[in-house]
Every structure is written in structure tokens, then in C-alpha cells.
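> predicted structure and sequence below. I'll ask about it afterward.
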Amino acid sequence: MPRSRFLLKAPLWGLALFTGAKSFIANPLIGSERLNRRGLHVWRVKAASRIMRWRMAMLSRGVPTAEREAYLRDGYLLKQNFLSPELFARLKAELETVHDHGPGEVRECCQGDTRTHRVLLDPETLSELPVTKQVLADPQLKRLLRFCAGHRRLPIVHLEKVFNGARVSEEADPQKSLHVDTFQPTMKFWLYLEEVSERNGPFMFVPQSTQLNKGRLDWEYHMSLTAREHTNRYTQRGSFRVEGGALARFGLNAPALFRVPANTLLIADTFGMHGRGPAEAGNSRLALWGMSRTTPFLPLPGLGGEWLNRLQYRVLKAERARDDKRAAARGVESSWHVVTRDSSRGQDPS
């Protein structure tokens with residue numbers, strides 16, 4: 001890169017260190033072996049975690065102590081029989097029709113032999129789904145999600161259907177390898193609408209891997225020195241993949257598989273080491289899915305309110321429309337592209 005261009009962009013790269021930017025190849029400062037050898041990446045990890053703990057403490061009121069302690073200790077929270085049997089039956093009946101009949105558009109992401117379908121449950125779509133709207137409006141659930149996310153803004157929610165072994169691919173599904181999403185705490189949740197086992201792909205998580213103990217920090221330091229030149233493109237972009245033998249080498253726990261019945265709520269911090277477990281080809285699983293990733297160095301838990309909730313969905317839809325337009329100009333599909341319901345069964349037509 002010409003020196004003049006480097007000097008022009010350097011202030012922006014410097015400011016990005018205090019945002020959620022994570023790519024080791026897009027930002028030469030984040031990817032600098034020299035700076036990371038002196039502790040830049042580990043400092044960002046520590047600072048983001050400490051600030052998140054501070055924000056979570058401000059949002060802890062009304063969340064049972066046992067649930068707070070479990071999430072902070074283990075990096076996840078598991079609640080079976082989350083809804084009453086009657087309410088869960090109504091929720092499942094309502095959402096089982098959404099993927100095939102609407103409302104909302106179906107978007108698909110293809111990774112390896114897996115097709116993942118999601119329907120965005122924005123306020124307009126929820127207005128046609130009264131049971132789902134009731135469940136998501138529950139004050140106790142909202143308090144819990146805000147605490148785990150460390151922010152007053154509620155997560156963006158989708159209906160998610162994962163089709164395993166649904167397409168021919170020479171590449172492996174990157175979600176089926178242990179990894180971390182980013183350097184900062186990130187909350188994701190699943191309310192499973194059907195039983196989950198090795199048949200359809202259980203969630204995989206390394207318990208307590210969100211703890212900033214010596215092993216985890218040593219692993220972060222090690223990865224920060226090699227990420228920019230790593231052979232895995234996801235690691236290069238800041239979503240580190242856990243290499244074989246790393247858990248034992250750095251003294252971390254073995255991964256656990258979450259085989260759970262329907263009507264189980266799982267909330268996980270995907271800064272922890274996690275992945276999609278093994279599954280049999282031709283099987284799928286259906287869940288209410290949500291995610292919240294906030295600005296990592298914001299010391300306060302931000303704003304909430306319905307207006308902000310609506311705004312974040314509008315921003316996401318605008319970003320997807322932009323991605324569609326850019327992909328179309330290149331003659332390809334965007335990573336999350338719209339599929340028609342006639343072709344949204346998740347199976348490879350070949």
C-alpha cells in the first residue's frame with residue numbers, strides 16, 4: 001500500500017480499535033503481529049469483557065441470582081420447559097407454518113453441505129403472529145435477554161430452520177468446527193421448537209470458555225500472532241477457529257453437546273468456544289433464534305424502547321437490500337439471499 005494512502009487511513013484504523021472491528025486482514029493495526037506481541041489484541045479482549053460485566057451488573061435487577069451466576073460462570077444458560085405446555089403448543093403450531101407459508105420472506109445462507117433458512121421477525125411480521133409476539137413481550141424474558149446482552153436494546157429475532165446435509169459441497173460447514181464469533185461478548189439464544197440431538201445438530205459449547213483465565217488469554221495471544229497469515233479465512237477475519245489439540249494444550253474444558261427436548265431456552269455467549277454439533281444428513285431443526293452484539297467499549301447499557309427496536313430492524317433490512325444489489329451487480333447471490341417458498345425445502349435440486 002502506498003505510504004500516502006496508509007497515512008490517510010491510519011487514523012480510521014486507529015479509531016476502529018475502539019469499535020467492534022475484528023478483521024485481522026482488513027485493519028493492519030488489528031492484524032499487526034508487532035502490536036499484538038505487545039498485547040494489543042489481549043487488551044481489547046480484556047477491556048471488552050470488563051466493560052460488558054459492568055453493563056450486565058446495571059441490568060441485573062429482576063434476574064434471578066442463580067441464573068446470573070450460571071451465565072457468568074459457564075457462558076451459557078439452559079432452561080428446559082421454558083413455556084407452559086399450552087403456550088408452547090400454540091407457539092409451535094404458529095411458527096411451524098411460517099417457514100413454508102409466511103408471513104415474512106425466507107433468506108438462505110449456504111455453508112458447506114448445510115442450508116440455513118431464517119425469517120426475520122420484525123414488528124410488522126410479529127403483528128401477524130400473536131402468540132410469538134406474546135412470548136417475546138414477556139417481561140421476565142426481556143429482562144433476562146437484556147442482562148445477557150449487556151444492553152437495553154432487545155436482540156434481533158428470526159425463525160431459524162437448519163437443513164443438514166442438504167447440498168453437495170467439497171467444503172466443510174464452518175459452523176461445525178469449534179470457534180469464537182469475535183473478541184467481545186456476544187449473546188445468542190435459541191428457543192427450540194423440537195427435540196435436538198445428534199440427529200439434527202445439537203449446540204456444542206466449551207463450558208467456562210468465556211472466563212478470562214490464563215489458558216484462554218494465552219490462546220487469544222497465540223491466535224493474534226498468527227491470525228493475519230492464517231490459512232482459515234474466518235480466523236483471518238477475527239472469528240478464530242479452535243485448532244485440534246488446542247483445548248488440551250491451553251488447559252480448557254472439553255466441549256459439551258446440548259441434547260435437549262423441545263421447549264428448551266438456551267442462551268449463550270458466543271465469545272465462548274462453540275459450534276454446531278454433528279447431524280445426520282436430511283434432518284433439520286427449527287428454533288426461535290436471536291442475537292445481540294453491541295459496541296464493546298460503551299460503558300453504559302444504552303437505550304431501549306420500541307422506537308429503537310423498530311429502527312434496528314429497518315437498518316438490517318436496508319443492509320440486506322444493499323447486499324442483494326451489490327451481489328446482483330457481480331452476478332452472484334448475497335450471503336443471505338431470498339429464496340422462494342416453493343424452493344425453500346432446503347434440499348439440493350441436483
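Looks like it came in fine.
> residues in contact with Phe24?
Ile30, Gly31, Ser224, Ala227, Arg228, His230, Thr235, Gln236, Arg237, Gly238 (CB atoms under 8 Å, 6 or more residues apart in numbering). Where you see a C-beta, it was placed from the backbone N, CA and C, and this is true even at glycine.
> what's the closest of these to Glu280?
Proximity of those to Glu280 (CB to CB) peaks at Thr235, which lies at 28.1 Å.
> on the three-state scheme, the closest one is what?
helix (DSSP: H, G, I helix; E, B strand; the rest coil).
> what's the burial count for it?
By the measure other CB atoms under 10 Å, the count of residues near Thr235 is 21.
> could you pull out the helices for the stretch 51-200 of the chain?
Assigned by DSSP state H, counting those that start in this stretch, the helices in the stretch 51-200 of the chain fall at 65-74, 85-96, 98-101, 123-126, 130-136, 139-149.
> tell me which of these sits most buried.
A comparison of the helices of the stretch 51-200 of the chain by mean neighbour count, using mean count of other CB atoms under 10 Å, puts helix 139-149 on top with a mean of 20.
> state the pLDDT value of Gln9.
Quick fix: residue 9 reads Lys, not Gln. pLDDT for Lys9: 87.
> buried sites along the strand or helix carrying it?
Here Lys9 is covered by helix 3-16, with elements defined by DSSP states H and E. Within helix 3-16, the residues scored as buried using 16 or more other CB atoms under 10 Å are Trp13, Ala16.
> which residues touch it?
Asn27, Pro28, Leu29, Ile30.
> narrow the residues you listed to just the buried residues.
Buried subset of those (neighbour count, 16+ other CB under 10 Å): Asn27, Leu29, Ile30.
> a markdown table for those, including pLDDT, secondary structure and distance to Arg310?
Formatted as a markdown table, those follow (pLDDT from 0 to 100; DSSP: H, G, I helix; E, B strand; the rest coil; distance: CB to CB, whole Å):
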| residue | pLDDT | secondary structure | distance to Arg310 |
| --- | --- | --- | --- |
| Asn27 | 96 | coil | 32 |
| Leu29 | 96 | coil | 35 |
| Ile30 | 98 | coil | 33 |
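> just checking, Asp324 touches Ser334?
Yes: using CB atoms under 8 Å, Asp324 is in contact with Ser334, at 5.0 Å.
> neighbour count winner among the two?
Taking other CB under 10 Å, Asp324 and Ser334 do not tie; Ser334 has more neighbours (19 against 16).
> which residues does that one contact?
With contacts taken as CB under 8 Å, 6+ apart, Ser334 has the following neighbours: Arg320, Asp323, Asp324, Arg326, Ala327.
> distance-wise, check the closest residue to Leu78 other than its chain neighbours relative to Leu129.
Of all residues beyond its chain neighbours, the one nearest Leu78 is Leu266 (5.5 Å), with distances taken as CB to CB, 6 or more residues apart in numbering. As judged by CB to CB, to the nearest Å, Leu266 and Leu129 stand 21 Å apart.
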